[in-house]
Every structure is written in structure tokens, then in C-alpha cells.
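Trainee: Structure, please.
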Amino acid sequence: MRILAATVVLTSSLLTTGFIHTSALANNAMTLSQSTPQLQPNKTQPINISKAEFGVIVRDTEGKFNFTPTIRVPLEEGSKYGWRIQIRDVKGQVTWREVLRLPKPPETWATDNGENFTLSADGTEAVTKRTQLPKDGVIENFWTIAPGDPPGKHIIYVYVDDHLVGNFEFEIVPKGNREVKGRERLGKI
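Mentor: Below is the predicted model:
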């Protein structure tokens, strides 16, 4: 049996440097109650969501990336999955928080040097927080399938200014069950 020195399990398609092993984040561990929403008044601006969708990104023959809504993600190295949320009448930057729950912990996680990233003690929940200027009112985040990613049911919660704006339940399916169906019912607002 061969043991590989490093296996990258999940990586953000937008963030390509820095690797964090689960044990390295033990001091940043958080409980489930810390990642669930705390109801607070919106201190910035009204949040009006016009569209929230989950899906995969596929590169076409011309090299252009296309988003396809689906709730089934093929467990194939390099597959990209994630969410897009259209915010109506947004002005300036918004702060969003993503909670990604996996069915079991991966061997390792990868992100941008751990900045604005925390991991639960059991390694099954990752929280990413960012402040960004929406492009045409859209915020988004995508992950890339890597060797060792767990198949099964996953869930992503997205909060803007601590208000739940997207809830995406999806399944990562092995190659034999890889049919990706477009236009399935996706996230809930």
C-alpha cells in the first residue's frame, strides 16, 4: 500500500495557493452553534435577493466557463461547483459568510492561507467569510473537486450581513452516477 504525502481534498477555484491540514486549524475550531445564524438587525443596507442558484461550472471548447444549475455534482477531479446570488439594488461592498457542511471530513482542506477561513473540530464544516464588491449585483463562490473528496449529501448556507440568503442542498456523486441534470430545483431563499 502506498501513502501519498499530501492529498488536497477541497480547494476554492478562485483561490490557488496555501494548504491547511485539518490539525493545523484545531485552534480555530468552532462548534456548530457558532456557525449558525445569530439574528441581528441589518446594520448596512436592505438585502433583496432576486436570484439564488447552485450549480457546476464547465469550460467549453472555446475555453469559456459556463454555469449550469444542478444539485448533482460529479465526483471527478477538477469539477467545479458553487453558488451565485443576485442582490437587487446593492450599493458598495457586502460581507458574506458561507458555511459548507460535508458528510464526512476530508483528509485536508485548501484555501488562501487560512485567511477568513475556519474549520469545525471534526473537520466536516468549513466557514469562509469575505467582503467584496458584487459584480452586477452578483456574489459567488466555487469549490473544486480534488482527490479524496467525500461523496454524498452536502449543504451550503450563505449569509449576507448575518442574514440567511441562500440554502443549497446538493449531492456529490461517484462517476457511475454522474448524470448532471440542469434546471433542477436548487436553493431556497
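
Trainee: list the buried ones in stretch 57-68?
Mentor: Using 16 or more other C-beta atoms under 10 Å as the burial criterion, the residues of stretch 57-68 that qualify are 57, 67. No exception for glycine: its C-beta is placed from N, CA and C like everyone else's.

Trainee: can you give me the helices for the protein?
Mentor: Using DSSP state H, the helices of the chain run over 32-35.

Trainee: Any regions of it where pLDDT drops low?
Mentor: Across the chain, residues meeting the criterion (pLDDT under 70) sit at 1-45, 111-115, 177-189.

Trainee: Now do the strands in it.
Mentor: For the chain, strands defined by DSSP state E occupy the ranges 10-12, 19-21, 48-59, 65-69, 72-74, 80-88, 94-101, 108-110, 117-119, 125-132, 138-145, 152-160, 163-173.

Trainee: show me what contacts residue 173?
Mentor: Going by C-beta atoms under 8 Å, 6 or more residues apart in numbering, residue 173 touches 72, 73, 74, 75, 151, 179.

Trainee: Narrow these to just the buried residues.
Mentor: Buried members of the contacts of residue 173, scored by 16+ other C-beta under 10 Å, are 72, 73, 74, 75, 151.

Trainee: Quick check: bridge partners of the third one?
Mentor: Right, the one you point to is residue 74. Going by DSSP bridges, residue 74 is paired in beta bridges with residue 173.

Trainee: ok, residue 159 - how many residues close by?
Mentor: A count of neighbours around residue 159, defined by other C-beta atoms under 10 Å, yields 21.

Trainee: if I read this right, it contacts residue 130, doesn't it?
Mentor: No: with contact defined as C-beta atoms under 8 Å, residue 159 does not reach residue 130; the gap is 11.4 Å.

Trainee: which residues are common contacts for the two?
Mentor: Common neighbours of residue 159 and residue 130 (criterion: C-beta under 8 Å, 6+ apart): residue 96.

Trainee: Buried residues, stretch 137-153. List them.
Mentor: Along stretch 137-153, the positions that meet the burial threshold by neighbour count (16+ other C-beta under 10 Å) are 137, 139, 140, 141, 142, 143, 144, 145, 146, 149, 150, 151.

Trainee: Could you dump these into CSV and include distance to residue 51?
Mentor: As requested, the buried residues of stretch 137-153 are arranged in CSV below (distance: C-beta to C-beta, whole Å):
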residue, distance to residue 51
137, 9
139, 11
140, 11
141, 15
142, 16
143, 20
144, 23
145, 25
146, 29
149, 27
150, 29
151, 28
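
Trainee: any idea which of the residues you listed is closest to residue 87?
Mentor: Nearest to residue 87, judged by C-beta to C-beta, of the buried residues of stretch 137-153 is residue 137 at 5.1 Å.

Trainee: any idea how far the residue lying closest to residue 89 once chain neighbours are set aside is from residue 90?
Mentor: Counting by C-beta to C-beta, 6 or more residues apart in numbering, residue 89 lies nearest to residue 48, which is 6.0 Å off, once chain neighbours are set aside. Applying C-beta to C-beta, to the nearest Å, one obtains 8 Å for the distance of residue 48 from residue 90.
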